[in-house]
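When you get a sec, could you give me coordinates for this:
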Amino acid sequence: MEDKLLELVDRLKQAQGERLRSVILYGSAAAGEHNEHFSDINVLCVLTRVTPAELAASASIFEWWRKLGNPSPLLLSEEELRTSTDCFPIEFHDMQERRRVLFGPDAIEDLVIDRTFYRAQVEMELRTKLLRLRQKAADVLSNKPALLRLMIDSVPNFLVLARHALLVSELPSGFRKREVVRHLPDIGVDATPFDTLLDLRDQSKLAGDVDPATLFAGYLKQIEALVGHVDQLDKG
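Predicted coordinates:
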């Protein structure tokens with residue numbers, strides 16, 4: 001991974017020259033938790049501006065980076081970085097917690113994230129994913145294996161948002177899924193359905209050990225409790 005990152009920075013410097021201000025690694029790779037089989041290498045590039053010229057200069061680099069199995073780096077101008085924290089508070093909060101500067105100054109350190117926008121995005125993301133879960137579940141309620149798979153596939157995303165629900169509540173959360181689950185009772189959410197789904201996900205429990213319909217009812221109820229908790233937080 002380190003060799004790939006060094007080459008990425010070198011290519012970006014050659015392509016963008018003085019327009020390149022910072023290159024920042026963020027996410028699991030920055031925290032030393034990168035898994036080459038499952039984890040993406042996420043990179044933010046800060047430029048003086050982002051026009052078609054900068055995009056064209058980056059095109060071949062991004063194609064090479066994607067062929068290595070990674071998402072294209074994020075390109076933001078310095079101005080966009082400064083003014084986007086109200087739109088993407090969750091993403092910038094994650095960057096502030098887990099990042100490594102690969103080139104240039106630390107463009108993330110001094111960003112100010114407004115708690116009001118942060119709380120609103122956590123609630124919006126939770127409600128959106130809850131609605132999608134209900135829609136998808138309506139099609140598979142009578143298909144127990146499909147219903148179980150739907151829940152298992154969805155639980156990592158809900159736990160990411162549960163972690164932010166804890167953080168916006170100014171409570172401990174941890175980074176790992178089991179740590180987040182352990183703290184759910186602190187905000188009035190029963191952790192049992194989430195624990196069960198993680199057990200199924202890592203195969204310490206088998207599908208035959210649970211009734212999918214019962215598990216889904218409990219899972220849905222606790223997601224709704226999570227949404228309700230975030231909704232009642234101070235919105236001022």
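
Give the burial count for residue 49, as a bare number.
11 (other CB atoms under 10 Å). Any C-beta I mention is one placed from the backbone N, CA and C, and that applies to glycine too.

same deal with residue 151?
Neighbour tally, residue 151, other CB under 10 Å: 24.

next one: residue 124
As a burial measure, residue 124 scores 13 neighbours (other CB under 10 Å).

For the chain, which segments count as helices?
Ranges of helices within the chain are 2-16, 52-67, 78-83, 89-97, 115-140, 144-168, 177-183, 192-201, 212-232, based on DSSP state H.

and residue 46, which of these is closest to it?
helix 78-83 (5.7 Å; CB to CB).

helices or strands up against that closest one?
Helices and strands touching helix 78-83, by 3 or more CB pairs under 8 Å, 6 or more residues apart in numbering; DSSP states H and E, are strand 42-47.

Surely residue 86 is in contact with residue 117?
Yes: with contact defined as CB atoms under 8 Å, residue 86 counts as touching residue 117 (4.5 Å).

Please dump the helices of the chain into JSON lines; it should also carry distance to residue 40 and mean pLDDT for every row.
Below are those laid out as JSON lines (distance: least, CB to CB, whole Å; pLDDT from 0 to 100):
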{"stretch": "helix 2-16", "distance to residue 40": "12", "mean pLDDT": "93"}
{"stretch": "helix 52-67", "distance to residue 40": "11", "mean pLDDT": "95"}
{"stretch": "helix 78-83", "distance to residue 40": "20", "mean pLDDT": "94"}
{"stretch": "helix 89-97", "distance to residue 40": "13", "mean pLDDT": "92"}
{"stretch": "helix 115-140", "distance to residue 40": "19", "mean pLDDT": "96"}
{"stretch": "helix 144-168", "distance to residue 40": "13", "mean pLDDT": "95"}
{"stretch": "helix 177-183", "distance to residue 40": "17", "mean pLDDT": "94"}
{"stretch": "helix 192-201", "distance to residue 40": "19", "mean pLDDT": "96"}
{"stretch": "helix 212-232", "distance to residue 40": "25", "mean pLDDT": "97"}
